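Asker: Generate a structure from the sequence data that follows.
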Amino acid sequence: VGPSKTDAVWIYTITYGGGLVSGDSVSVELDIGHDCTAVITTQASTKVYKSVEGKCSVQVLEARIGSNALLVIIPDPVTCFSTARYSQKQVFRVASTSSLLLVDWITSGRHQSGEKWDFQLYKSSNQIYLQGEGDQPLFIDSVVLEEGTTAAISERMQGYQVIAMVVLLGLVLIMIKMHCLLECRPKLKQIQDQVQENVRKMMAEQLHHSGVRGHNKANSGHSIGKPLFLASCSTFGPKFEKKTSQGYLKVQCDPVAQKARHKGVGVVVRIAATTTESVYKFLEHQLGGMESLLGVAPYRG
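Answerer: Numbering: from 1, shown residues only. Alright, predicted model coming up:
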């Protein structure tokens, strides 16, 4: 996919018929070696066909990421057909210097057929563990959309047609030498910082415009519309103890720790949008800095 000088392996997952039929079960295991870079992507959206006799379509991915290795998961969205039942589980075990980019997203369905959130079940679980004794959990997230539990899925989604999650995990190497801290930023750190700043600016601008439009509509007697694109950004990771003059202070995702060991710092972006195109555009723009690592920018063209 990328230039031959780029040391990254691109892998495309392909299913017969372009999707998953009722009762399908797909299991994938990956082992990304030390100092390697791998990209897992798709050629089009993953279609989940209608459920027969209540059977569920299942996908399971288990990946182990070696030291100084980078794994990038950038699929097209999942699209569930009417009455479909789909369950997905992805488990990542990272080393102390691993990096991970994960995109997980779903559309409301086949709009041209009049299907919007018309499936029966969508479940997606993502888990990240730090390899070692006991495999310390760094990030555990589950999304469940099920018809008939309370209100209909379409009612709960409030007109939004896409939900997405982006996870960027890069581990910061801290070294102590001559009583000085030397910070070696990982491959994804600068992109993490830029994404967080871009999301903050984008939402601040959008909320400002929404407020202005809402004020104008309120004065004109029209109803106030909702934002077309929503995004939030937060960090995750283990808590560490930092020594102070008063003792030890617990600090979450602290990049400047007193102990010479690796620290895990992650960023998660959550998105809700009214169009698939707007999410593609967001991903292409925010992840464009990955081009030098992958040979091609994610979601370009």
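
Asker: So what touches stretch 32-45?
Answerer: 1, 7-14, 18, 30, 63-79, 98, 107, 293-294 (C-beta atoms under 8 Å, 6 or more residues apart in numbering). All C-beta spots, glycine's among them, are computed from the backbone N, C-alpha and C.

Asker: Take those residues and keep only those in strands.
Answerer: Among the contacts of stretch 32-45, the members falling in strands (DSSP state E) are 9-13, 30, 63-65, 70-74, 78-79, 107.

Asker: Whichever of those end up buried, select them in ChimeraX.
Answerer: Per 16 or more other C-beta atoms under 10 Å, the buried members of the ones in strands among the contacts of stretch 32-45 correspond to this ChimeraX selection:
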select :10,63,64,65,70,71,72,73,74,78,79,107
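
Asker: Now Ser22, what are its backbone angles?
Answerer: Phi and psi for Ser22, reported as degrees, to the nearest 10, are phi -60, psi 130.

Asker: no, scratch that, I was asking about Glu284
Answerer: Backbone torsions for Glu284, taken as degrees, to the nearest 10, come to phi -60, psi -40.

Asker: Might one say that it is in contact with Glu291?
Answerer: No. The criterion here is C-beta atoms under 8 Å, and Glu284 misses it with Glu291 at 10.6 Å.

Asker: Now do the shared contacts for those two.
Answerer: With C-beta under 8 Å, 6+ apart, Glu284 and Glu291 have common neighbours Ala297, Arg300.

Asker: per-residue pLDDT, Cys56?
Answerer: Looking at Cys56, its pLDDT reads 98.

Asker: Give me the phi and psi for the residue lying closest to it once chain neighbours are set aside.
Answerer: Residue nearest to Cys56 in three dimensions, not counting chain neighbours: Arg85, with 4.2 Å by C-beta to C-beta, 6 or more residues apart in numbering. Reported as degrees, to the nearest 10, the phi and psi values for Arg85 are phi -130, psi 120.

Asker: residues near Arg85, how many?
Answerer: Using other C-beta atoms under 10 Å, Arg85 has 23 other residues around it.

Asker: At the geometric centre of the protein, which residue do we find?
Answerer: Nearest residue to the geometric centre of the chain (C-alpha atoms, centre = their mean): Val166, 2.3 Å.

Asker: wait, what's in contact with Val166?
Answerer: Leu101, Leu102, Val103, Val195, Val268, Val269, Ile271, Leu283, Gln286, Leu287.

Asker: Give me the subset of those lying in strands.
Answerer: Per DSSP E, strands hold the following members of the contacts of Val166: Leu101, Leu102, Val103, Val268, Val269, Ile271.

Asker: For the spatially closest residue to Val199 that is not a sequence neighbour, give me its contacts.
Answerer: In space, and not counting its chain neighbours, Val199 is closest to Cys233: 4.3 Å by C-beta to C-beta, 6+ apart. Contact analysis of Cys233 by C-beta under 8 Å, 6+ apart lists Val195, Gln196, Val199, Arg200, Val267, Val268, Val269, Arg270.

Asker: By mean pLDDT, which helix or strand of this protein comes out lowest?
Answerer: None of the helices or strands of the chain scores lower by mean pLDDT, DSSP states H and E than strand 180-184, at a mean of 32.

Asker: is it true that Cys80 touches Gly109?
Answerer: Yes. Here Cys80 reaches Gly109: they are 6.0 Å apart, a contact under C-beta under 8 Å.

Asker: Looking at those two, which one has more neighbours?
Answerer: Comparing Cys80 with Gly109 by neighbour count (other C-beta under 10 Å), the higher total belongs to Cys80, at 31 against 23.

Asker: Now do the contacts for the more buried one.
Answerer: When contacts are counted by C-beta under 8 Å, 6+ apart, Cys80 touches Val48, Tyr86, Ile106, Gly109, Phe119, Tyr122.

Asker: mind listing which of these are in strands?
Answerer: Val48, Tyr86, Ile106, Tyr122.
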